[in-house]
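Asker: Sequence and predicted structure, then a few things I'm wondering about:
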Amino acid sequence: MKNIYDISTFVPVLTIQAVTEKLVEREKKFRKSKHISQVALAKMSGVSYASIRRFESTGEISLSSLLKIANVLNCLEDFNQVFKTPIPNSLKDYNL
């Protein structure tokens, strides 16, 4: 990952950089826990080895490639939670 400062380093706030770093950490940890190398993951998922290596070093990857990796790691269902946050209609809908 790039060595640039992110506001989340100093205050507890979600940023794209912080979320990306955590996602990459979880994917690597999960892949390694299953004893799957980057090369094996590439063969199993159909995603190029270079794309997997780039994702694990920079966090950059296409959505379709990420979904293919998640499918191999049996995490595809996790993506069903994306954009499921209800849209608030009034201030009463916020949990403050």
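Answerer: Received, thanks.
Asker: Show the contacting residues for the most centrally placed residue in the chain.
Answerer: When the chain is reduced to its mean C-alpha position, the closest residue under CA atoms, centre = their mean turns out to be residue 23, at 3.3 Å. With contact set as CB atoms under 8 Å, 6 or more residues apart in numbering, residue 23 has these partners: residue 59. The C-beta positions use only the backbone N, C-alpha and C, and glycine is treated the same way.
Asker: could you check the distance from it over to residue 56?
Answerer: Residue 23 sits at a distance of 11 Å from residue 56 (criterion: CB to CB, to the nearest Å).
Asker: next one: residue 29
Answerer: Between residue 29 and residue 56 the distance is 11 Å, computed by CB to CB.
Asker: quick one: which of those two has more around it?
Answerer: Just comparing residue 29 and residue 56: by other CB atoms under 10 Å the higher neighbour count belongs to residue 56, 17 against 10.
Asker: secondary structure element for that one?
Answerer: Per DSSP states H and E: residue 56 is located in helix 49-58.
Asker: again, but for residue 17
Answerer: helix 16-33.
Asker: Taking their axis directions, that helix and helix 49-58 sit at what angle?
Answerer: With axes from the mean of the first three to the mean of the last three CA atoms, to 10 degrees defining the directions, helix 16-33 sits at 120 degrees from helix 49-58.
Asker: List the buried residues of helix 16-33.
Answerer: The neighbour-count check on helix 16-33 (16 or more other CB atoms under 10 Å) flags 17, 20, 21, 24, 27, 31 as buried.
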